[in-house]
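Asks: I'll drop the sequence and a predicted model, then ask my questions.
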Amino acid sequence: MTTALTLTTGNDSAGAPVLTAVGEIDMSNAETFAAALHGAVTPAGRALLVDLTAVEYLDSAGLAALFRHADRIEVLTGPLLAPLLAVSGLADLTTVHRR
Amino acid sequence: MSDVFAADAEIGRDLAAVDWAATPLGPPGGWPQSLRTAVSILLSSRFPMWMGWGPELTFFCNDAYRRDTLASKYPWALGRPAREVWAEIWGDIGPRIQNVLDTAEATWDEALLLFLERSGYPEESYHTFSYSPLRDDDGALVGFLCVVSEDTDRVIAERRMATLRDLGSDPNVIRTEQETLAFANLQLERNLRDLPFTLTYLYDDDGRARLRATSGIPAGHPAAPAVTEPGQAGPDGLTSKLIELDEPGLPTGDWADPPRQALLVPLLRQGDAPYGFLVAALNRYRPVDEAYRGFVELTAGHLAAGIAGARGYQAQQRRAEELAELDRAKTTFFSNISHEFRTPLTLIMGPLDELRTHLDDAGPAVRDELDVIHRNGLRLGKLVNALLDFSRLEAGRMQARYEPVDLAATTAELASVFRSAVERAGLTFEVDCPPLPEPVLVDRSMWEKVVLNLLSNALKFTFDGTIRVTTDAEPGFAVITVADSGIGVAADEMPRLFERFHRIDTARSRSNEGSGIGLALVKELVELHRGTVTAESAPDKGTTFTVRLPFGAGHLPADAVVAPGAAGSAGPAAAATAEPFLQEASRWLPGDTPLVAPVAGPAGPDAATVVVADDNADMRDYLTRLLRAAGHRVTAVSDGRYALDTIRADPPDLVVSDVMMPRMDGLELLAALRGDVRTAGIPVLMLSARAGEEASIEGLEAGADDYLFKPFSAAELLARVRANVELARLRNHHARWRAALVDSLQEAFFVCDENGAVIEINAAFTEIIGFGPEGLPYAPTHPWWPDRVTDPEAYAEVVAAFDMLLQDRQGGYRIPVTHRDGHRLWVAAAFNQVQDPETGRRVVVGTFRDVTDEHYAIQRETALASLSVRLSAADHVSEAVAGTLDELRELWQARYVLAAVFDGDDPPTLTATDPDLRWDDLPQQRLLALRDRPLLTPVTEHTAGAGITLEHPQGTMVLWVDLGHRRPFTEQDQTLLALLAGHLGQGLRRVHQIDQQRETALALQRAILGPAQLPAGFAVRYEPATRPLKVGGDWYDTIPLPDGRIGIVVGDCVGHGLQAATVMGQLRSACRALLLQDSSPARTLMALDRFAALLPGAHCATVFCGVLDPATGLLRYSAAGHPPPIVALADGGTHLLDQGRSRPIAVRPDADRHEAEYAMAPRTTLLLYTDGLVERRRQPLTTGIEQATTAVQLGRRTPIDDLATEVMERLAPAGGYDDDVALLLYRQPGPLELEFPPESTRLAPIRSALRGWLERCGVDQGTVQNVLVAAGEACANAIEHGHRDVKGGLIKLRAAVTADNVRLLVIDNGTWRVPRPAENPHRGRGIMLMRAFMGEVTITTGTTGTIIDMQTRIAS
């Protein structure tokens, strides 16, 4: 039984690609997350917006996936994960939007 | 996995594996909701449970049941019919289950004996359980649930404890060895479960072991040989041995089958080979573990102690018999000596009678002398006869010849003999002897002695009024009374009135003469007639003696009864018996000689006036005649009072006085004379019949000038009188004659000048101290002072006394001095400052006397007393030894004192006043030689020290007192050492016994309280009182309830010792059982009230009973007279749980109790305790509670187990707790403890559990998230690295909280790999995250695994 995680890809109102994650991300499902990320990131053009506002838990395995695509993504987060993203240094490499 | 089994992963897996389709229940998918719920409850409970469901009562159980009860039957039993699973006990439990299914009523069984085959053999076990009905979805009865708690350990511990207690309960202090063993075996026979049978063998002198007692097996049984061959049986040396029993037909004890093993335990004797051994057959249904062995060995210890006591008593008996034998020999000797007196007496009295006849016409002076000899000869004869009578009585050789006598007439006749003496004394004499109805059988000569002694006694102590003799008849008895109106006897002297040689010292009497045997003889003689003599008396009113003699002859031996007159006629014999009495009495009476006889002798140039005081008229006359003949003027008086009057009226040159006199004795006279300026200078010569130090010390202290002991010769008396008279005269010319005067003193005399130099001494001074006048003057420091270097304490004493001598006007002191030959003396000195009339210089005049003997007597008493205090204050043998050594060192001012105990260790165990002392530093040869010496025989090594050997509980003990070449160890020192060592030996034995009893009691208390299987979050302590170490009474308990809540109980029974421990055990079990049945604290206490009302010793116990929901922190509680628990909130606030309080247990067993509720906020600490923690002498209870409150408040940030230790230490009084203390701490919520396999899918549920726990801890959201991230990384690490190479290991997560801190431990048993960020960058990031989100992170990696320890502060 893996940790509950729902991943949805789409576009925001401005047409930019969005990957929305809902649930928790840990080492049990980090590969799924990484795969979804890999599939949604485009080599050029608009950066992928990764919406983590509905993620309740993110560990270093999930972070690792984000770091791999740091220069191709932007991250949207709520107050829960904001300190984690700041502490991990991801916020220094990529644009982190806070809601 | 079917989620019906999800509540317990492991049991759930095994349940899922059962082929349910093959059971009547079918596959779990088709199970009714009621069954699913029941299974889920079962699996989630931590309390042992099993259930049966459906037509075959299909078996389910949970993990706790598997662990405690099912053991090797797991997992075989799952899904099988209950009847099959528990086939071996179905006979016991089947009917109970059927009853539940029939009636729908739950059952309750406490401590039911069941034989479980869980460990490969049928095992004796006890279970408390309840069967309750289970219903299906339609409400029909389809099964039952059984909740079990095993109390095997408690039941067995209590049973063994009861046996040990019974063994120690022998009410008879003194028994023979056989009686002791019989009593003990009777007690052992009461526990045929632990001891199916026992055999007690004791070794004979020839090394054979002889069967002396048995329990549970008849004597003569083939398995119990009466005698064994030497070395054939018995344990090996001093350790016990387990043997297999294979003989057929062994007794089975309380069981169906015979025992298979027995333990051979030696009966150990201190410092010697064992007395014998105990063969204890063992319960085949219990494992032979440490506890069982310990129990059997304690039992053997009890037997050995009993044998030691009995043998010790036998030895004492033998000694008493030897003493009695000695006493008999003494009596025989006494009797022989008395006999020997009679021959010379006869040869004095016979010729004297002749002489009196011949010299009938000689001058009155000669006749008077002869009369004196005659009278005193009679008196001596009377005394010797009385002593002989006693010897005869004692030896049973008094030949009585009883003849019928008209007792009234005989008595009246005897009385009449005394009439003239009584009337001459100015008393009324009434004789009222009407005839008696029948004759009385008496031995005439004995009867005469009875009546004459009583009359003589009456006359002696009566000064005015009446003496009355009567006879009367009572049914069966003739009654004769002799009553006087004399001085009477004080009530406290009455019991000793008839005691031989007892004299009432203070009595005013006509004479102080007498040996104290008259009344004792009366009593013995009357008792020979089977009669009684009693006395009634009131001081100053008089005394009545009543003699009752039985009529008839039946009470007397037939061969001693003779015809009337056959024993000789009364007349002349009575006169002969009476004469000495009359002669003696006549000398007490006035009229023979005038009190004052101022007849002037032929006064020569040396003639002096002398006052003679003596109560014996003959002695008075004799002295008067002697002194007059020497030309002195004599005034003779009969007691000290007359003497004082006479002397005051006209001071004489000399007083000659007896010491023992009525009204005022010689010493009182002396004191009165010295106390009066006009008479203080008159010399007094004391005469005493009591030779001995006692009288002389008294007399000299009172200031007598000289002493003479009777008998003395006329020449000696005259010489002393002359010397004293001369000295008295010389006193008037003291400048010339002072030296002679001073020399005549028996006390040492000295004069000091103002600088303290001794300038004059007398002969006695030289005699006592050894320093003569040739060395004068002796300047300070005087040569007799103790040495300043080697004996500083004694030196200091002398210096202090010397300062007093120079400064004070007068005084006295007692100091040690050194004789010229080096030996130590103690002297008591008195001094006065005086002005030398010629020079005007201030000098000090003093005297002293040798009080060395007194000093050592006092020292012995003091040393014994302080040793006793040390011994009684000691809690342990080692403490007693150490205390004694200090005492001995102090006593002898020794360099060091040591005790070497030869307990089998090499070198022997040492205790010394000098802690640095090692065996290698010691005179080893000397100590080893001492070890082999007889006990309690002191050995002195010249100037080095002294040693002695005594018994110590662990072996022979050698005491060595090292004096460091300071001084010799005198004979008195040796006596004292032997005395103290003997005392110490006894004391050690006593302390050792108490020690052992205490350890037993403590072991039992701990056995009842533990081993504690505490729910998480709790910490407990039990501490016995320290001084004197008292055990028992207090308890704590935690009880996991089936609904997940936890019962918490702390209680305190009245009293200490085994009794209180037993009551405690019962109350604790009862409270536990009651809470399991009904989880209401108030109702539990009410039920406990009723239970305790029937339990002796349980009355007034105090109990706090609470039920805690660990999920919510809600505590419902009720208290029975118990001090209120304390809570400390995370923010530092405190509360007392003082609601729901009521009277102690069993005080009003029928009244209601109430309960209260308290919601524990997150991170609140709860302290339950017994009053020993807070109660202090001279301090209100509230002060103690405040101190405890402060301790918990300060400790709210401390982990709970450390806090328990801290509270106990913080509140301990200086000398340790003087009452026992039980303590229980809990912090809400309890710690989270999780174990999981290294699978990443476990992370989400772990996080969820941790999140829930953190919320119960009241932690804010931000911190929750931080902790979750850190914990998640740590767990991920453990899964990924820790277990890469190891399969099947579990990861542990433990989280605990204090008031301001959360601490997490993640533990794995794999190999940690140093993070290599290049290879795997995101792992390094994990550690970085842990460090970022937790205040403190420590990672410890070892060969057995890795521990990640993380802490973070939380806002309060």
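Replies: Nice, thanks for sending it over. Numbers count the residues shown, from 1 in each chain, chains lettered A, B, ... in the order given.

Asks: which parts of chain A sit against chain B?
Replies: Applying CB under 8 Å from any CB of the partner chain, we find that chain A lies next to chain B at A:1-4, A:24, A:26-28, A:57-61, A:63-64, A:67, A:80, A:83-84, A:87-88. Heads up, the C-betas are built off the backbone N, CA and C, glycines and all.

Asks: So for stretch B:867-882, first residue to last residue, what's the gap.
Replies: 11 Å (CA to CA, to the nearest Å).

Asks: Any chance you could list what contacts that stretch?
Replies: B:883-884, B:886-887, B:899, B:911, B:952-954, B:957, B:980, B:983-984, B:987-988, B:990-992, B:995, B:1026-1029 (CB atoms under 8 Å, 6 or more residues apart in numbering or on different chains).

Asks: at 6 Å what do you get?
Replies: Applying CB atoms under 6 Å, 6 or more residues apart in numbering or on different chains, the contact partners of stretch B:867-882 are B:883, B:887, B:899, B:911, B:953, B:980, B:983, B:987-988, B:991-992, B:995, B:1029.

Asks: In PyMOL, how would I select just the buried ones from those?
Replies: Command for PyMOL, covering only those of those found buried under the criterion 16 or more other CB atoms under 10 Å in any protein chain shown:
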select buried, chain B and resi 883+887+899+911+953+980+983+987+988+991+992+995+1029
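
Asks: could I get the contacts of stretch B:867-882 as a markdown table with distance to residue B:126 and pLDDT?
Replies: Below are the contacts of stretch B:867-882 laid out as a markdown table (distance: CB to CB, whole Å; pLDDT from 0 to 100):
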| residue | distance to residue B:126 | pLDDT |
| --- | --- | --- |
| B:883 | 46 | 86 |
| B:887 | 52 | 85 |
| B:899 | 48 | 90 |
| B:911 | 46 | 87 |
| B:953 | 37 | 84 |
| B:980 | 53 | 84 |
| B:983 | 49 | 82 |
| B:987 | 43 | 83 |
| B:988 | 41 | 85 |
| B:991 | 38 | 81 |
| B:992 | 35 | 83 |
| B:995 | 32 | 76 |
| B:1029 | 31 | 58 |
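
Asks: List just the nearest of the contacts of stretch B:867-882 to chain A.
Replies: Nearest to chain A, judged by CB to the nearest CB, of these is residue B:1029 at 56.8 Å.

Asks: how is chain B carved up into domains?
Replies: B:3-150, B:156-322, B:401-573, B:593-732, B:734-848, B:876-989, B:1011-1227, B:1232-1353 (automatic domain parsing).

Asks: hey, least reliable of those domains by pLDDT?
Replies: Lowest mean pLDDT within the domains of chain B: domain B:593-732, a mean of 74.

Asks: Off-centre distance for it?
Replies: Distance, stretch centre to chain centre, for domain B:593-732: 55 Å (CA atoms, centre = their mean, to the nearest Å).

Asks: ditto for stretch B:101-119
Replies: A distance of 48 Å separates the centroid of the chain from that of stretch B:101-119, by CA atoms, centre = their mean.

Asks: now do the same end-to-end measure for it.
Replies: End-to-end for stretch B:101-119, by CA to CA: 31 Å.

Asks: Of all residues in chain A, which one is closest to chain B?
Replies: Nearest to chain B, among the residues of chain A, is residue A:64, at 3.1 Å (CB to the nearest CB).

Asks: residues making contact with the helix or strand that residue falls within?
Replies: Using DSSP states H and E, residue A:64 sits in helix A:60-68. In this structure, residues lying in contact with helix A:60-68 by CB under 6 Å, 6+ apart are A:25, A:27, A:30, A:33-34, A:37, A:88, A:90, B:1273, B:1322, B:1325-1326, B:1329.

Asks: Swap in 7 Å and give it another go.
Replies: A:25-27, A:30, A:33-34, A:37, A:50, A:73, A:75, A:88, A:90, B:1273, B:1276, B:1321-1323, B:1325-1326, B:1329 (CB atoms under 7 Å, 6 or more residues apart in numbering or on different chains).

Asks: and if you look at stretch B:885-903?
Replies: B:791, B:793, B:863, B:866-867, B:870, B:881, B:908-914, B:917, B:927, B:931, B:952, B:954-964, B:973, B:980.

Asks: State the next helix or strand along the chain beyond the helix or strand hosting residue B:848.
Replies: Following DSSP H and E, the helix or strand that holds residue B:848 is strand B:842-850. The C-terminal neighbour of strand B:842-850 among helices and strands, as given by DSSP H and E, is helix B:852-873.

Asks: can you pull out the strands in the stretch 1-150 of chain B?
Replies: For the stretch 1-150 of chain B, the strands defined by DSSP state E, counting those that start in this stretch cover B:49-53, B:58-61, B:109-116, B:123-135, B:141-150.

Asks: from the stretch 351-500 of chain B, which residue is nearest to chain A?
Replies: Closest point on the stretch 351-500 of chain B to chain A, by CB to the nearest CB, is residue B:492, at 95.8 Å.

Asks: residues contacting residue 14?
Replies: Since you didn't name a chain, this refers to chain A. No contacts exist for residue A:14 under CB under 7 Å, 6+ apart.

Asks: that's the wrong chain, I wanted chain B
Replies: Listed by CB under 7 Å, 6+ apart, the contact set of residue B:14 reads B:75, B:78.

Asks: now residue B:666
Replies: Residue B:666 touches B:640, B:657, B:658, B:659, B:686, counting by CB under 7 Å, 6+ apart.

Asks: For residue B:1041, which non-adjacent residue is closest in space?
Replies: Excluding its sequence neighbours, the residue lying closest to residue B:1041 (CB to CB, 6 or more residues apart in numbering or on different chains) is residue B:1079, at 5.4 Å.

Asks: Please work out how many residues are found near the closest residue to residue B:307 other than its chain neighbours.
Replies: Distances taken as CB to CB, 6+ apart put residue B:275 closest to residue B:307, at 5.1 Å, once the chain neighbours are dropped. As a burial measure, residue B:275 scores 23 neighbours (other CB atoms under 10 Å in any protein chain shown).

Asks: What residues does chain B have near chain A?
Replies: By CB under 7 Å from any CB of the partner chain, the residues of chain B that approach chain A are B:1240-1241, B:1243-1244, B:1247, B:1265, B:1268-1269, B:1272-1273, B:1276, B:1321-1323, B:1325-1326, B:1329, B:1332.

Asks: what about residue B:1345, neighbour count?
Replies: Counted with other CB under 10 Å, residue B:1345 comes out at 20.

Asks: Any figure for the gap between the residue lying closest to it once chain neighbours are set aside and chain A?
Replies: Using CB to CB, 6+ apart and skipping residues adjacent in sequence, the residue nearest residue B:1345 is residue B:1309, 3.8 Å away. Per CB to the nearest CB, to the nearest Å, residue B:1309 is found 20 Å from chain A.

Asks: What distance do you get for residue B:286 to residue B:70?
Replies: 19 Å (CB to CB, to the nearest Å).

Asks: err, residue B:459, not the other one
Replies: 100 Å.

Asks: Residue B:43 now?
Replies: For residue B:43, the distance to residue B:70 - CB to CB - is 14 Å.

Asks: swap in residue B:815?
Replies: Taking CB to CB as the measure, residue B:815 falls 85 Å from residue B:70.

Asks: So the residue nearest to residue B:1041 is in contact with residue B:1046, correct?
Replies: No. If you go by CB atoms under 7 Å, residue B:1079 and residue B:1046 don't touch, sitting 10.0 Å apart.
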